[in-house]
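**Q** Take this sequence and fold it.
(chains A, B, C and D)
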Number of protein chains: 2
Amino acid sequence: MSDGLTIHEAAQTTGWSPRMLRYLERVGLVDPPRTEAGYRVFGPGELQRLRTLRELLARFECQLSDVAFAKRMRDDAELRQAVGRWLESEPRRPEGVATDDWLRWEQEKHQRLLALADAA
Amino acid sequence: MSDGLTIHEAAQTTGWSPRMLRYLERVGLVDPPRTEAGYRVFGPGELQRLRTLRELLARFECQLSDVAFAKRMRDDAELRQAVGRWLESEPRRPEGVATDDWLRWEQEKHQRLLALADAA
DNA sequence: GCAACGTTAGCACTCCCGTGTCAAGGTTTT
DNA sequence: AAAACCTTGACACGGGAGTGCTAACGTTGC
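**A** Next up is the predicted model:
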């Protein structure tokens, strides 16, 4: 069947179940091409991506919905900006904070925002 | 009681229930200061923030956990980078894509990543 | 000092996510 | 043509998120 694994084979080598591979497609995290007959075909790239995703979730103890949301943010500028603005709207620092600490905080704001982009 | 609203008053003017205001604190999305006796005090900033949060969730149909995750990403560089790398690892473009389209895609990658930072 | 409000802790309910499994039907292989 | 795959769709279940309510106890205002 040309090159690329079938869903059970892909499940085998990635550690996901076939069921989950379909689910991951459903929530938009992967999108394997299909054969004429509609069979999913998992290429090497997709396989690597699937393994990496497992590591990601395990290492940072997060959910599929979290990664899906990160993707939404990457693709939707309006959403990204709205969330970013909200996160930066934290009100009055703790009482004990000295003014120059506050200034440093303000100065680092831009830095923190830029940091959102430092993915490879 | 100095300046700032009590939890029921805050609930009134923000549209959240008192229960949810406590819950929002629990998941780290707000952090109202306390009186000596331990009563939460909601200042104008916190109130605005709470209203904005409702709008955000409604407008983009997302969950508290999504916003919480965005915050985690903002604060944890390692997480942010790992997610970013994964999102950029999408394998083979659709078959029909011409080479110069692919090139444009690659060139826009940096742009897309930078875009993550354009919040206010 | 009592009424009205705050605190935390806990029970309980609904809804959705992640997951398995099975059914009915099409495809590929031998 | 039968065996061994694939597809979608549905029922089902455990666990966690989001939410209300009550209990037990401390604080504030009149």
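**Q** C-alpha only now, for contacts and for neighbours.
**A** OK.
**Q** Any idea how many residues pack against residue A:46?
**A** 23 (other CA atoms under 10 Å in any protein chain shown).
**Q** measure residue A:4 to residue A:26 for me?
**A** Distance, residue A:4 to residue A:26, using CA to CA, to the nearest Å: 20 Å.
**Q** okay, these two: which has more neighbours?
**A** Using other CA under 10 Å as the criterion, residue A:4 and residue A:26 rank with residue A:4 on top: 18 against 11.
**Q** Which pLDDT value goes with the closest residue to the more buried one other than its chain neighbours?
**A** Of all residues not flanking residue A:4 in the chain, residue A:43 sits nearest, at 4.4 Å (CA to CA, 6 or more residues apart in numbering or on different chains). Reported pLDDT at residue A:43 in the predicted model: 96.
**Q** what about chain A, any weak spots by pLDDT?
**A** A:1-2, A:92-103, A:105-106, A:109-120 (pLDDT under 70).
**Q** centroid residue for it?
**A** Central residue of chain A (CA atoms, centre = their mean): residue A:67, 3.2 Å from the mean position.
**Q** quick one, phi/psi of it?
**A** phi -60, psi -40 (degrees, to the nearest 10).
**Q** That one and chain B, how far apart?
**A** Residue A:67 is 7 Å from chain B, where distance means CA to the nearest CA, to the nearest Å.
**Q** Can you get me a residue count around the residue nearest to that residue when sequence neighbours are not counted?
**A** For residue A:67, ignoring the flanking residues on the chain, the nearest one in space by CA to CA, 6+ apart is residue B:83 at 7.1 Å. Number of residues near residue B:83 (other CA under 10 Å) recorded here: 23.
**Q** Next, see if the helix or strand hosting residue B:83 gets close to DNA strand C.
**A** Secondary structure from DSSP states H and E places residue B:83 in helix B:77-87. No: using CA under 7 Å from any atom of the strand, we find that helix B:77-87 stays clear of DNA strand C, coming within 14.9 Å at best.
**Q** Stretch A:46-53 now?
**A** No: Stretch A:46-53 does not reach DNA strand C (CA under 7 Å from any atom of the strand); its nearest approach is 11.1 Å.
**Q** And the contacts of that stretch?
**A** By CA atoms under 8 Å, 6 or more residues apart in numbering or on different chains, the residues outside stretch A:46-53 that reach it are A:10, A:13, A:14, A:15, A:30, A:32, B:86, B:89, B:90, B:91.
**Q** Could you write me a ChimeraX select line covering just the buried ones among these?
**A** If you want just the buried ones from the contacts of stretch A:46-53 in ChimeraX, going by 16 or more other CA atoms under 10 Å in any protein chain shown, the selection is:
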select /A:10,14,30,32 /B:86,91
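**Q** tell me which of the contacts of stretch A:46-53 is nearest to DNA strand C?
**A** residue A:15 (9.6 Å; CA to the nearest atom of the strand).
**Q** For that closest one, which non-adjacent residue is closest in space?
**A** Ranked by CA to CA, 6+ apart and with sequence neighbours excluded, the top spatial neighbour of residue A:15 is residue A:51, at 7.4 Å.
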